[in-house]
Structure formats: structure tokens, C-alpha cells
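Q: Fold the following, please.
(3 chains)
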Amino acid sequence: MKIGFYPGCSLTGSSREYNESLLAISKEAGVELCEITDWNCCGATAAHNLSKDLSLTLPARNLALAELDQMDELVVPCAACYNRLVMTQHELGENESLKKIVSEKLQMPLQNGIKILNVLQFLEKHIVPRLEQLVKNPLDFDVACYYGCLLVRPQRVMKADRFEDPMTMDVIMQKLGANPIDWPFKTECCGAGFSVSKPEIVGELSGKIVRNAVDRGARAIVVACPMCHSNLDMRRPAIETYLNMKVDIPVIYITQAIALAMGLTPRQAGIQRHFVPVNLPVNR
Amino acid sequence: MSKIGVFICHCGENISATVDVARVAEAAGKLEGVAFSTDYKYMCSDPGQTIIKQMVKEKGLTGVVVAACSPRMHEPTFRKACSEAGLNPYMCEMANLREHCSWVHDKSEATTQKAIDLVRTLVEKVKLDKPLFPIKVPVTKTALVIGGGIAGIQSSLDIANAGHQVILVEKDPSIGGHMSQLSETFPTLDCSQCILTPRMVEVAQHPNITLMTYAELEKLEGSIGNFKATIRKKAKSIDEKLCTGCGVCATKCPTKKIPSEFNTGLGMRTAIYVPFPQAVPNKPVIDKENCSYYQKGKCKVCEKVCPTGAIRFDQEDELVELEVGAVVIATGFNVMQPSGFPEYGYGKYKDVITGLQFERLASASGPTLGEIRRPSDGKIPEKIVFIACAGSRDPAKGIPYCSKICCMYTAKHAMLYQHKVHSGKSYIFYMDIRAAGKNYEEFVRRAIVEDEVNYIRGRVSKIYEQNGKLIVKGVDTLLNAKNVEIEADMVVLASAAVANEGSEELAQKLHISYDAYKFFSEAHPKLKPVETNTAGIFLAGACQAPKDIPETVSQASGAAAKVAILFSQNELSRDPVIAVVNRSAPPLYSTCVGCFMCATACPYQAIEEELITNRKGEVIKKVARVNPGLCQGCGTCVAFCRSKSIDIQGYTNEQMYAEVMALLNNE
Amino acid sequence: MDTEDLSHNIRQLTGINVRECYQCGKCTAGCPVGDRMDLRPSVIMRMLQSGDNASLEEVLRSNSIWLCLTCETCYSRCPMEIDIPKLMDYLREKSYSEGKVHPESRNIVAFHKSFLNSVEQNGRLHEIGLVLDYKIHTGKLFQDVTLAPEMYAKGKLHIWPEAIKDKKSLARLFKDQFKNKKS
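A: Numbers count the residues shown, from 1 in each chain, chains lettered A, B, ... in the order given. Got it, this is the predicted structure:
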């Protein structure tokens, strides 16, 4: 089965392990991900902060490219890219004349009907049904599933079920044998794009998240967004400065959790690329 | 031969300033069939009416056209005048020269010409008028009151004291409603049960009131003055004649862990239970869904211990048919549950409760005997945060309206807490304070100044639990939107007042209107607050809209007065301007073919089937028949009828055609 | 712009009607960076409602609009369902084009601009390019210097940019953007 795939800039760069683990588990499950031809950056936070035009045209070009590749479904693992693509699809869907203007600017046709899936929806649909046969090493420990902001909000557009206390990742982790804890920071912001320009904000916001997860006994934090991962993992020094103590709870992607549970090696899951060492009891 | 009298009114200057009334009178006088035409300054005045009466008698008029204001204003006035002069009142019609002409146009030739046209059309209509007589409908002087809360209780007592029979139907095992769940009422802090229970007992003992508890309305048929109600009396599994209310059964019942509805889930009850100590009737019922015998065939302990042998297992529901003349709906309201607040925990934190649950905690007959204690661990809270407008005034949650009572009961809750826990600290997050009733504002000021309740203007964004405390993240908009975070022991949500579950089904059974929020609709928001659009069905209390106790009692008495007015007559007189299906001589009997399109179109369920039989009793034809007691004369059926067999008396197709032709054929 | 114009203008450009806000403050109560902002979200709404020029100026020159994370928490809880993040985007674009960025927020804007410069050049983000551009514009030459080698060792950093083939199509999109920007 072939599905359109939009990796986005982070998956090919600073969040390479997310890409690696996603491709590895898709291969195990017999799902082929076809990268969209000549995709461009979706514009992320920078575009919508400075230019309404770019915030629509940059994502729209990718939607048009996916259509040219004749894909019905498009998997977008990066939560920010997913959010921008869905918001663009929504706004152009509500405003026919705007869609025409954008299509003209792109000089590409745009039907705007492709089904966009975030990583959790992709996993639920294409990987979870095959999970029972594929899980070899159940992950028997407490985890804090961290969803972040952009997968669930704004709920009018994202249409997430239980947007204040989502459970999709928790359910997947349960199927892997893990015990997802109940905690109130599932969708609190980690500090978003301030990693470089205001790292102390990341330290505070991510610090609060890490502290709550640790206080409630989580052994690992599981994420589905490269930005959240970077803030919680790479920016650990800033977090430790805010909390005024050392914290060693590892942060892994949901795809890495699945990879480990499927019995793939830590290298195949890309664990070695993290800043905070990942020492988890994965039953052999 | 028609002899129509035309009377043009100046209406002071309202008409004469824009329309040349003298000319209109002159033109009317020249019309064929008009025997008399005049104009006068105030037709509705005594002298004006006298002119009409005199001319009816003098000229032997067969019809009258009064060209003046809207018929909605003075049609009854002029019809009465004609009636007094001996002319059938339905031979008198009005041409609206004011709202339809002088008030909407400038003074000009065209305006006067329009006035002449309007008069001409009405003259043509009156020529085809036939005398009509009011329809008499008998009245059954028994009232059905649905709902046994304070509204239903008040209505029942008023109607019963006026000398009429009342049947009060309540779906719970006891009457009393939400008022019986309250601890103290604002603004006097009267003990709610103490002021309510005397009324409850009065209802039970009143010779004119028949109380049916654990019963619901199954079906309602008929029309004003003549309803037939079917009530389902749910099986209590008790023989009420033998039961003395001693209560031994409940003490011995082994199934003890059922969340008590009366205690809003904060306490438990048994499977055989009386909902609360002051229940009326003070007799238990068996909750079949949770009883060991009914579910698993075991137990029967209650039967063994009952001293009078009153337990009746396998008792069936009973359907009772009643004939009543009027219905009062007093089914009350409910409160929104915490599960509707995802940002406050989706109902998972035990110490986040609703205002109604707080009432049970504060109540001496409640699960904690009146002590304010946390549902999670039973400790006395030192800090309580109250959140006003929880769900109300919140279009995002689907409730844009204000629930009216929360500002007052939140102040009351904080005061009760401060009175019971002197060292406690209370905080109320509010948006506005709505304290518009008598002594209400003073009550809230007392809470703020004397009881030192901390009011913070702002809303709470999120509540979460940490180390046994509830972290409340709010804001103080009066301090430049400063963030306010409070570690509370308990949070009370003043959750929105919503319509009761089952309101929609009940409204459909009764054929009454309801709004988008499932509150029942009044006939007119300003002038008819206790009537519905369905004749003979009245509203009382919070089922119509959220309201406090004084308003509920007033409205309940209002509904009772309307019922008493209805019952003060032995017969009801109805306007004969209604639809009639034609009848003719055999073998046709009627041009109606029995397709019943009219019945599906009728908004008032006023069309019935009639079987036309011959002398042998054989059915020849099934035709439609309009129930004169229900028809409101809207004319929808006339538009639908394919064979033109149905027509409105006083607004026949022929008359409408004549009016149109009169308009088109002006000289 | 007077009261009428400002709210009508905002409505036309964003579809948002600022009159709907009844100042409950729930947005501010849930904002993760609210206590760092000079003007809180609900206060900004009130200032836009009041419609006078001085208030609009103050909003455009605030650090609030740049500290906003676009986490969408305010929008998800607002009882009136007002799209505050969209309003923030509008205010940001206006503030940037009119050269009114708060001095403390200039490095935030520099980051966004460096990001877009990199995308304009390559079609995709080149992290090293972004950071170099940022450092040049903000003078923060020594920030995160130890991070780069570690990231490179973990295979997370490309030395050379990865570029798209159809660069012309992107150039088209960037043409005329930021042309009327005042500095």
C-alpha cells in the first residue's frame, strides 16, 4: 500500500531519528511511504508570523504537489507541518476565491481535497491493526504521553476527540504493553519556536512539563512532534536551570516506542541521536 | 340584495391627515350594494358606535364595513356594536386604512385612491359573508399538573383551593423537586425543606388533589376543555394501602451501594428506598434495575421483614386514563454536569462539584449531615473556589443564555461555607453579578463585606489536581488581567441550568413548542408567559426558562389562575372563523376524497377522520372532519386540499377571489 | 483610525469581530506566557475594542504579540470562539511592516526572518544557514556554540543545504513580500 509522505524540514535534519523510526516501522508493517516530489518548507511559525500570503502559499504548494503525485492520503509526521497544511486546507476550503488566488500564484491546479493524516492518525489506521502480530518486546513501564499544542488545537479545525485530555497516543502505548499515566500537562505548550530566540521560556514551559511527568512516576515521555522533542530533549540544560536540579527522564518519539516494541534495535530506532540518554527496560 | 353600511374613520388625524376621508366615503356610497356611507372622527368612540348601531337599525343593513385601524385593535369593538344592534357580528368587517395605508404612505392622490380600493375590496367580501355563531365546547373541570416540584405544588394547591379537581403526576418517588434538595434559600436563608414540606403535606392531604408519584405521562389526546391523558404508573412493587412507611425494608436491604439521585451521587441508597426522610408519600419503591430479586432472582429480604406484608414483587406498570380540561406543565430543570467541562477535568476530579451537589453537602439531611466535606477524602476544605458562569453565557459550550440564579446561589454558598467554617477562605470567579430581585443586591453585598467572600472578576482557564489539591488558573481582569492561581481544596461550579432530559419527548407528546435549548415556549414572551401556543396547556416554573423560587411560585399561581378562568365557564366559546370540510347531499356526501393531506399539514392536529355510513351502518366514505375545538383558522389545509373541499368560514375561497377581482377591476 | 474603522478593518481582513469579546479574561488565564507579556491578551482585545489610535500603536509596539506562542490555548477556551491567534498574526504582520517591533522582541523577529530567508534561498530550511543569518542580525555570536558540534556528531546537522529543484516557483511566492516594510 502506497501513501503520500511529507517529511518536512525537521525530519530530514535535526529530527532525523523520527524519520528513521517511522520508515523502519512502516517497512515492518508493509506500508510504503512515497515522499512527495520536490516538496518545500511549509513555512512553520515564521511564515504565519510575518506574512499571511506565505503562510498560505508555502503549504499550498505541497498540497498541489501531492495532488500531482496522485496521492489520496498524505502523512505528515511533524505536528507543526501538519497543523499548517490542515489550516491552509481549511481556510482555502472555506473561501473559494482565495483558493483561486493561491492556485494562480502557484501556477498549479489545486483541488484541495487530499486527506491529511498526522502521525497518530497514520499509526491508528495503518500500523495499529497489524500491531498484535508485530509486538515482540512489550514495554512494561510507566510513560507520560505528551501531545503538545498543534496536534489537537484549534479543535474546530483539527477535530481531535477529547482535545483537553487526548487518548490516542495513550491507547497505542497501552497496546505496546506500557502503562500511560494520567497527567494534566498532556497539551500544555513546551515553548514552541523559542528554542533559539528565547530559550529561558522553553526552560520554564518544558521544565513544568518534565517536572509533572517525573512527579507522577513516568519512566519516559513519549512525543509526536519534533519541536516538542527538541525542547524537551536538546534543551534539557535550560530545563535543569529552571528546575534547579538534574533530571534524566528520556524523551522518545511514539514511532521509536513502536520500533523498540517490535524488536528493532535501538540503532534502527535512532535512539543514539538523542541528547538525554535513553536507558529503558525493554523486555527481551 | 345587499345593503352594506360603510363607516370611514378619521382616527383623529392618523388617517385623515394623509387620506381624503370625505372623498373615500363619497366613492364608497356610489358602490353597488352600499346603502349608506359616512365618515366620522372617532368611529370607536361611544358616539361613533352609536352612529353604526343607528344606521344598522334605520337602514336595515345586512353588512357593515368599518374603514379604520387594524382589526387586531377594534374588530371586537365594532362586532359587539353590530351585535347589540341585531346584526350578526360576523357580518361586520374592517378595512385597515391606518396600518395598511395612512401610516405607510405620504399624503397624495394615490394614497386616497388606495384607501378607496381597500374599502371596495372589503365591500365585496362582506357581500359574501354569512352569519356565523360561536362554537360551544364543553369543559371538564379537572386539571392535570405534570411535575411535583414547587411549581407543580403551588399550581395544584391554587387550582384545588379554587374548588376544582387536580391530578398531580410526578415521575420521582416523591414530590418536592429541586427545592427539596436545597439547604437554604436566598435572600432570607430560610431552610428550604422547612418552608416546602408543609406545602407538600398539604398537597397529599388536600381532598381535591389526587397524587400520582413514580408516574409519567404516556399520551395526551383531545383539546382544550376535553383532554384525555394516559398516565403510566410505574410499578413501585409496594401495596400502598398496606405500607405504613415504617422503613424497616430499607434498613435490611443488602444492596446498599447505589448512588443516590437525591444526593446527586454524593451518597448511597438501597434498592428499596425512600428518596429522603421528608418524602411525600413516605412510602418506598423498589428500583427494579438494581434490585437483586429483579435482576438475579435472589434475596426478597424486604418481603420477609415487612410487618404488614406490603411488598408486591412482579407488580406491573399500570396505565390509567384520565379526562381533564387543562394541563399545567411544571417539569422543572436540571444542571449541567462536570463532564461537560473538559478544561476542568472532564468530571474526573471528585472535589470539582456542581452547585446542586454543594447544596447537598450543606444540607442537614445530606450525605455529610450538613458539614462541608471533600467528596474525595472527607476532610473539611480550607479553601473553596466557586466558579460562576460555568457553562452559562458560553456559546462555545452551546449555552449562550444566562442561567439567572447562579450569581445569587453562589453568593449564598460562599456565605454558608463561611458560616460553617469560620477559618475558611472562599473565592468566587465571576464575570458580572446579576442580583436584580428584591433584597438580592443587599444579600450579595453582605457576602462581600460581612462574610469576607473574595470576589475576583475573571474566568478560570484550567483546573488540575496536584498533591491532593486543585490548582485553579484564573485571572483578575480588574487588575490589568493579572494571573491568579489558587490552590483550592474544593471547586464548586455554578453550572448552567439546562432543560430536563426527556423534555423534547414530553413536548412532542403534548404538541407544544420548545426552543433550541429544549425549554418550553410561552405563547408570547411579554404578554403571555404562562400559556403555550396549544390551547389549554399552561406553563409554570423552570421548564419554561431558568428562574428563582419567587418567580416560579408567581408563575405557578398565574397558570392556576388561567386554569380557573377556563373552568369558570361550563362551556367554552370559540371563534367560528375555522375550517370546515364541505358536506352535501347523498350520494356524494362531500367532495372530500379522504386523502388527508390536510391532516398532515395541520399544525394543530385539528383534523380527524369521519366515517360516513348509510342507514345499514355500512361505511360509504372516509372523509376529513375539522375538530372545531382545536382548529385555529390558519388556512394551511385550504391551501393543501386538491379537491377544494375544505374552506375557512368567514374567509372562503370565494370571498378571497371576490376581493382580488375587486382590486383588479377599479374604474 | 477611529473606533468604527479599526474594528471594521480588522473584521474585513481577518473576519474577527472584536466586539464579541466580553472581557472574561479566560484567554489570559490560560496563556502560558501571559505573565511575561506587557499587554495581556484580554487587555489587547479591550484596546482594540476601544478603537483609538494610541491604543493600536501601543499594541503594535508591545512585546506581547511576539511572545505569543500561537499555542492556540486561548482560542480553544474562549467562550465566544474568537480566533485570537489569527488576530495576533494580523497584528504581527502589521507591526513588522510598519517597523514597530518592540526592542526586546527584535531577536524573535530576526529568527523568523532568517528562517524565511533560508527557505527563500533553498526551498527548505538549512539549519546552519538559519543560525548564521540569525547570529549576524542579532549579534549573538556565541549562543549555542557548543551545541553545533554535538548535533553534527549525532547526524542532525547538514553542512550543505538541501535544495528543491524548482527554485523558480518559490522565488515567485517570495517576490513582493516585505516590499513595503518600514525599518
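
Q: Get me the contact residues on chain C for chain B.
A: Within chain C, the positions adjacent to chain B are C:22-30, C:34-35, C:40-43, C:73, C:77-81 by CB under 8 Å from any CB of the partner chain. In this view, the C-beta of every residue, glycine as well, is placed from N, C-alpha and C.

Q: So which of those residues belong to helices?
A: Residues of the residues of chain C next to chain B located in helices (DSSP state H): C:K26, C:C27, C:T28, C:A29, C:G30, C:P41, C:S42, C:V43, C:T73, C:R77.

Q: At which residues are the strands of chain A located?
A: Secondary structure of chain A (DSSP state E): strands at A:2-5, A:32-35, A:73-76, A:115-118, A:142-146, A:179-180, A:220-223, A:251-253.

Q: Just put those in a markdown table and tack on mean neighbour count, mean pLDDT and distance to B:V638.
A: Shown next, in a markdown table, are these (neighbours: other CB atoms under 10 Å in any protein chain shown; pLDDT from 0 to 100; distance: least, CB to CB, whole Å):
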| stretch | mean neighbour count | mean pLDDT | distance to B:V638 |
| --- | --- | --- | --- |
| strand A:2-5 | 21 | 90 | 61 |
| strand A:32-35 | 14 | 94 | 66 |
| strand A:73-76 | 24 | 96 | 57 |
| strand A:115-118 | 20 | 96 | 52 |
| strand A:142-146 | 24 | 97 | 65 |
| strand A:179-180 | 18 | 96 | 66 |
| strand A:220-223 | 26 | 97 | 69 |
| strand A:251-253 | 27 | 97 | 71 |
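
Q: quick one, which of those is nearest to chain B?
A: Smallest distance to chain B across the strands of chain A (CB to the nearest CB): 13.9 Å, for strand A:142-146.

Q: Centre of the chain to the closest one, how far?
A: 15 Å (CA atoms, centre = their mean, to the nearest Å).

Q: what's in contact with that strand?
A: For strand A:142-146, contacts defined as CB atoms under 8 Å, 6 or more residues apart in numbering or on different chains pick out A:169-170, A:173, A:178-181, A:183, A:185-186, A:190, A:209, A:212-213, A:216-223, A:228, A:232, A:254, A:257.

Q: are any of those residues buried, and which?
A: A:169-170, A:173, A:178, A:180-181, A:183, A:185-186, A:190, A:209, A:212-213, A:218-223, A:228, A:232, A:254, A:257 (16 or more other CB atoms under 10 Å in any protein chain shown).

Q: and chain C, which of those residues contact it?
A: Among the buried ones among the contacts of strand A:142-146, no residue is within reach of chain C (CB under 8 Å from any CB).

Q: Would you mind listing what in the stretch 251-400 of chain B touches chain C?
A: Listed as neighbours of chain C in the stretch 251-400 of chain B under the rule CB under 8 Å from any CB: B:E343, B:C389, B:R393, B:D394, B:P395, B:A396, B:K397.

Q: possible to save these as TSV with pLDDT, neighbour count and distance to chain A?
A: Shown next, in TSV, are those (pLDDT from 0 to 100; neighbours: other CB atoms under 10 Å in any protein chain shown; distance: CB to the nearest CB, whole Å):
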residue	pLDDT	neighbour count	distance to chain A
B:E343	94	20	5
B:C389	95	26	19
B:R393	96	22	20
B:D394	95	23	15
B:P395	96	13	13
B:A396	94	18	10
B:K397	93	16	13
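
Q: Which ones among those map onto strands?
A: In strands, judged by DSSP E, the following of those are found: B:C389.

Q: what's the residue closest to the geometric middle of chain B?
A: B:L539 (3.2 Å; CA atoms, centre = their mean).

Q: Where does the stretch 501-650 of chain B get nearest to chain A, which residue?
A: Here the stretch 501-650 of chain B gets closest to chain A at one residue, B:A516, 19.9 Å apart by CB to the nearest CB.

Q: That residue and B:I399: what is the separation?
A: From B:A516 over to B:I399 the distance is 10 Å, taken as CB to CB, to the nearest Å.

Q: okay, those two: which has more neighbours?
A: B:I399 (22 against 8; other CB atoms under 10 Å in any protein chain shown).

Q: nearest residue to that one other than its sequence neighbours?
A: B:A496 (4.8 Å; CB to CB, 6 or more residues apart in numbering or on different chains).

Q: Neighbours of the one you found, how many?
A: Using other CB under 10 Å, B:A496 has 26 neighbouring residues.

Q: need the contact list for whichever residue of the stretch 301-450 of chain B sits closest to chain A.
A: Closest contact between the stretch 301-450 of chain B and chain A, by CB to the nearest CB, is at B:P342 (3.7 Å). For B:P342, the contact set (CB under 8 Å, 6+ apart) comprises A:R162, A:F163, A:E164, A:D165.

Q: So the third one versus chain C, what's the distance?
A: Looking back up the chat, that one is A:E164. To chain C, A:E164 is 8 Å away according to CB to the nearest CB, to the nearest Å.

Q: Once you drop chain neighbours, what's closest to that residue?
A: B:P342 (3.7 Å).

Q: Could you measure from the one you found over to A:A160?
A: 11 Å.

Q: Kindly report the same for A:F275.
A: A:F275 is 29 Å from A:A160, by CB to CB.

Q: And A:G113, by the same measure?
A: 21 Å.

Q: buried set for stretch B:262-277?
A: For stretch B:262-277, burial by neighbour count (16+ other CB under 10 Å) applies to B:262-266, B:269-276.

Q: mind putting those in a markdown table, pLDDT included?
A: A markdown table is the format used below for the buried residues of stretch B:262-277 (pLDDT from 0 to 100):
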| residue | pLDDT |
| --- | --- |
| B:F262 | 96 |
| B:N263 | 95 |
| B:T264 | 94 |
| B:G265 | 93 |
| B:L266 | 94 |
| B:R269 | 96 |
| B:T270 | 96 |
| B:A271 | 96 |
| B:I272 | 96 |
| B:Y273 | 96 |
| B:V274 | 96 |
| B:P275 | 95 |
| B:F276 | 94 |
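
Q: Tell me the one of those residues nearest B:E608?
A: B:P275 (42.2 Å; CB to CB).

Q: Get me the contact residues on the stretch 51-200 of chain B for chain C.
A: Counting by CB under 8 Å from any CB, no residue of the stretch 51-200 of chain B is near chain C.

Q: measure the closest residue to chain C within the stretch 51-200 of chain B to B:L416 for me?
A: Distances between the stretch 51-200 of chain B and chain C by CB to the nearest CB are smallest at B:F186, namely 24.1 Å. Distance, B:F186 to B:L416, by CB to CB: 10 Å.
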